[in-house]
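Asks: Coordinates only, no sequence provided:
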C-alpha cells in the first residue's frame, strides 16, 4: 500500500511538476510507502512532511534517469527513504543522493529521534527539545513547534 503514488512513466504525466508539502503520513501497514514515485524525471518538490511509516518514507523506482530539480527538504522520516538511481546505485538512501540530481538537505531521518510529543497516542507535534526545531530555515515536518493539528472531519451535526 502507498499513501501517495505518482506515475511519470507514460502519457502527458511524464514531465509534470509535483509538489507534496505539509502532510502528515500516518503508519502504512505491510511495509508500504508514504510517497512512491515511478519513473520521475524532475521538478519534484517534497517538503515539510512528516512520514510516520512502518515501511518506506519515500520510494523512487523505475527508470529514474535524468533527474533534475528534485528537492526533498525539511521533512521528518521515521523509516528509510530509498531511491533507484541511474548509475547502477540500487536501494540508495536518499540522504546520500545529493550528487545525483536530488537535493535532500535539512531532513530528519530514521536514525535520529525526532522527539514527538507522544508517539503512542499518535501525537506527532514536536517537543521543545526536538532536533527538527531549527534544522532548516524553519522547523522540519508538517507541524511547526507549537502548531496544533488541524480539525479533521466534518463539524456538522447529523440529525
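Replies: Looks like it arrived, so ask away. Treat the numbers as computed from the prediction; the structure is a model and nothing was measured. Numbering: from 1, shown residues only.

Asks: How about the contacts made by residue 117?
Replies: 123-127 (CB atoms under 8 Å, 6 or more residues apart in numbering). For glycine as for every other residue, the C-beta is placed from the backbone atoms N, C-alpha and C.

Asks: most neighbours, which of those residues?
Replies: residue 126 (25 neighbours; other CB atoms under 10 Å).

Asks: Identify the residue spatially nearest to that one, adjacent ones excluded.
Replies: residue 145 (5.1 Å; CB to CB, 6 or more residues apart in numbering).

Asks: can you pull the contacts of that neighbour?
Replies: So residue 145 contacts 126, 128, 130, 133, 139 (CB under 8 Å, 6+ apart).

Asks: What's the local residue count around residue 19?
Replies: For residue 19, the number of neighbouring residues by other CB under 10 Å comes to 10.

Asks: Which element, helix or strand, includes it?
Replies: strand 18-21 (DSSP states H and E).

Asks: ok, and for that strand, which residues are buried?
Replies: Buried positions in strand 18-21, judged by neighbour count with 16 or more other CB atoms under 10 Å: 18, 20.

Asks: got a list of contacts for it?
Replies: 4, 6, 35, 37, 40, 43-49.

Asks: in its sheet, what does that strand sit against?
Replies: strand 42-47 (parallel) (DSSP bridges).

Asks: for the chain, what are the low-confidence residue spans?
Replies: By pLDDT under 70, the low-scoring segments of the chain are 1, 8-16, 28-31, 39-42, 54, 61-67, 83-101, 137, 150-154, 159.

Asks: so where do the strands sit in it?
Replies: 2-7, 18-21, 24-25, 33-38, 42-47, 50-51, 56-61, 68-73, 76-77, 82-83, 92-93, 102-103, 116-118, 123-126 (DSSP state E).
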